[in-house]
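# here is a sequence together with a model predicted from it:
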Amino acid sequence: MEGLVPLAYDYPVLGVFWTTLWIFLWVLWFFLLFKVILDIFRDHDLNGWAKAGWLVFVLVLPFLGVFVYVVARGKNMGRRELQHAQDQQQAMDDYIRRTAGSAGASEADQLARLSELKARGDITEEEYQQAKQRVLQ
């Protein structure tokens, strides 16, 4: 065994703190970078060339690009995020209403159709009751 073997007690507590801090800042940086890139694509006020320009600026000079973007357009980032969340919630609510509404209407339509068939005499009372039980189950 040549050389020194670093042991856990050779790494000071302050070193652990600094390493943890740098890792935290690194993750925070990537979070902010992706947030800015998503906001660039989410913004409907920017045209395609402006989006491409901001994206190139953020990717070529990331620290300066993100800093300038947050200073120049950061005020509305929260509003766009909130609007996106509200749009998603509205879409989910509409989907639930359509899905829940169609199931109830479908059963009611089937029962109404069965009732018409029975009234016309196309099916017997026994067939009507059997079909009604299948629809209601």
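Done, it's in.
# for the longest helix seen in the chain, the distance to its chain's centre please.
In the chain, taking DSSP state H as the definition, the longest helix is helix 77-120. Here the centre of helix 77-120 is set off from its chain's centre by 21 Å, with Cα atoms, centre = their mean, to the nearest Å.
# next secondary structure after that helix?
The helix or strand immediately downstream of helix 77-120 is helix 125-136, counting by DSSP states H and E.
# give me the contacts around that next one.
Residues outside helix 125-136 that contact it (Cβ atoms under 8 Å, 6 or more residues apart in numbering): 107, 110-111, 114-115, 117-118, 123. Quick note: C-beta positions are derived from backbone N, CA and C, even for glycine.
# from His44, how far out is Asn76?
11 Å (Cβ to Cβ, to the nearest Å).
# what residues of whichever strand or helix holds Lys51 count as buried?
Secondary structure assignment for Lys51, by DSSP H and E: helix 48-60. For helix 48-60, burial by neighbour count (16 or more other Cβ atoms under 10 Å) applies to 54-55, 57-58.
# the lowest-mean-pLDDT helix or strand in the chain to helix 125-136, inter-axis angle?
Using mean pLDDT, DSSP states H and E, helix 77-120 stands out as the lowest-scoring helix or strand of the chain, at a mean of 83. Here the directions of helix 77-120 and helix 125-136 differ by 170 degrees (axes from the mean of the first three to the mean of the last three Cα atoms, to 10 degrees).
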